[in-house]
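quick one: sequence plus predicted model below, questions after.
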Amino acid sequence: MKNILITGGAGFIGSHVVRLFVNKYPDYHIYNLDALTYAGNLENLIDIESKENYTFLHGDITDEVYINTIFTKYQFDSVVHLAAESHVDRSITDPLAFAKTNILGTMILLNAFKVLWKDNWEGKRFYHVSTDEVYGSLGTTGLFEETTSYDPNSPYSASKASSDHFVRAYGETYGLPYVISNCSNNYGQQQFPEKLIPLFINNILNDKALPVYGDGNYTRDWLYVVDHAIAIDLVYHKGLNTETYNIGGFNEWKNIDLVKLLCQQMDQKLGRAAGTSEKLITYVKDRPGHDLRYAIDASKINKELGWSPTVTFEEGLSETIDWYLSNEDWLNNVTSGNYQNYYKAQYK
């Protein structure tokens with residue numbers, strides 16, 4: 001039986017990965033480590049919380065004593081590291097929090113893994129999940145490849161770039177077996193409503209303004225979270241040590257076009273007249289260091305591991321909206337007073 005530690009497993013992407021691993025691999029014991037900050041929610045995992053091969057650990061990856069203790073106690077064969085501060089807007093407001101979690105936290109995990117196994121690396125793996133934002137910004141053409149030079153432009157992307165470098169450095173210096181994946185923008189069920197799609201679903205439900213940065217022409221590649229979890233499963237089991245795999249949706253959308261599609265689908269599902277939700281679109285002051293365009297070349301993971309997205313964006317968006325409309329209690333529970341205060345400060 002493998003003992004696998006998944007960090008950030010109560011968060012958006014992490015909860016989907018935990019669920020997949022717990023259900024698909026009964027011979028693995030999955031340990032879910034999460035600090036349960038504002039975006040971590042154990043309600044995301046109610047359906048698997050009583051499984052015999054699942055254990056939740058409440059702790060912070062920046063707590064070195066605690067991390068060393070659980071590594072010694074549970075003898076983790078592998079780490080799938082997803083825990084991170086991930087919202088660019090928050091990183092602009094509080095960059096030190098991102099440096100602490102994303103850089104120091106990753107180093108503490110790497111060091112605990114190194115100390116536990118020393119040079120006994122047979123069957124061990126440290127899988128670091130990162131972002132396409134480490135590559136910086138693209139013009140109107142081109143794609144991010146695994147060999148694209150790093151050029152981060154926000155405190156968030158700089159902290160993730162640094163953590164990527166430390167993972168590679170531990171591999172080079174200590175022989176630690178690692179693999180890295182860099183993914184594009186995720187969307188789907190159970191995403192905290194600070195990110196664009198759930199934020200706008202919530203705002204439309206409450207007839208609030210839809211704040212679009214700048215002219216709305218910033219372009220992102222969107223990846224359905226279920227497809228990302230499947231890709232992580234493949235990279236963990238079949239990816240080669242020291243390799244990087246870009247995971248993208250082959251699915252570029254300008255922000256304003258995405259918002260208008262979301263408005264159309266919401267009006268249809270809510271039985272509102274066409275164009276009702278679009279009237280809520282409000283253009284707001286652009287954020288500092290806003291990258292123009294991200295686009296992933298995911299041909300490597302497609303050719304080497306056989307992965308490709310399973311749903312179109314329109315299908316995935318429709319399923320995502322349906323989930324939020326069917327789980328308004330969940331949505332109301334996570335939109336706390338603290339979140340509202342942050343929202344007002346960010347988009348006033």
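On my side now, so go ahead. Numbering: from 1, shown residues only.

so which strand or helix has the residue located most distally from the centre of the chain?
The centre of the chain is farthest from one residue, Ala273, which by CA atoms, centre = their mean lies 34.1 Å away. Here Ala273 sits in a region with no helix or strand, counting by DSSP states H and E.

contacting residues around it?
Asp267 (CB atoms under 8 Å, 6 or more residues apart in numbering). (C-beta placed from N, C-alpha, C; glycine too.)

could you check the distance from it over to Gly9?
42 Å (CB to CB, to the nearest Å).

other SSEs contacting the strand or helix carrying Asn111?
Per DSSP H and E: Asn111 is located in helix 105-117. Packing partners of helix 105-117 (3 or more CB pairs under 8 Å, 6 or more residues apart in numbering; DSSP states H and E): helix 64-74, strand 78-81, strand 125-131, helix 155-174.

over to the closest residue to Gly9 other than its chain neighbours: give its phi and psi.
The shortest distance from Gly9 to any non-neighbouring residue, by CB to CB, 6 or more residues apart in numbering, is to Asn32 (3.4 Å). Backbone geometry at Asn32, expressed as degrees, to the nearest 10, gives phi -100, psi 110.

and Asn32, how far from Lys114?
Counting by CB to CB, the gap from Asn32 to Lys114 is 22 Å.

ok, Ile281 next?
50 Å.

again with Lys100
Lys100 is 20 Å from Lys114, by CB to CB.

and for Thr282?
49 Å.

with neighbour numbers in mind, choose between these two.
Lys114 (18 against 12; other CB atoms under 10 Å).

find the nearest non-adjacent residue to the more buried one, please.
Nearest one to Lys114, counting by CB to CB, 6+ apart, is Tyr174 at 5.3 Å.

ok, now Trp121?
Pro177 (5.0 Å).

for the one you found, what are its contacts?
Taking CB under 8 Å, 6+ apart, one finds Trp121, Lys124, Arg125, Phe126, Gly171, Asn241, Thr242 in contact with Pro177.

mind checking the backbone torsions on His58?
phi -90, psi 110.

would you check that it makes contact with Gly40?
No: contact status for His58 versus Gly40: not in contact, 9.5 Å apart, counting by CB atoms under 8 Å.

any residues in contact with both of those two?
With CB under 8 Å, 6+ apart as the test, His58 and Gly40 both reach Asp34.

between those two, which one's more packed in?
A side-by-side neighbour count of His58 and Gly40, using other CB under 10 Å, places Gly40 first with 20 against 13.

contact partners for Gly275?
Per CB under 8 Å, 6+ apart, neighbours of Gly275: Asp267.

how close does it get to Arg125?
Distance, Gly275 to Arg125, using CB to CB: 51 Å.

cool, and Leu317?
Taken as CB to CB, the span from Leu317 to Arg125 is 33 Å.

again, but for Tyr324
Counting by CB to CB - Tyr324 and Arg125 are separated by 35 Å.

next: Lys285.
44 Å.

who's more crowded, the two?
A direct count of neighbours by other CB under 10 Å for Lys285 and Arg125 places Arg125 higher, at 21 against 10.

the more buried one reaches Tyr178, doesn't it?
Yes: contact criterion CB under 8 Å: Arg125 and Tyr178 qualify, at 7.2 Å.

intersection of neighbour lists for those two?
Asn241.

right, and Gly40 touches Ala10 too?
Yes: here Gly40 reaches Ala10: they are 4.0 Å apart, a contact under CB under 8 Å.

who touches both of those two?
In contact with both Gly40 and Ala10: Asp34, using CB under 8 Å, 6+ apart.

what does the nearest residue to Leu20 once chain neighbours are set aside show for phi and psi?
Spatial nearest neighbour of Leu20, chain neighbours left out: Ala229 (4.8 Å); criterion: CB to CB, 6+ apart. Backbone torsions for Ala229, taken as degrees, to the nearest 10, come to phi -60, psi -40.
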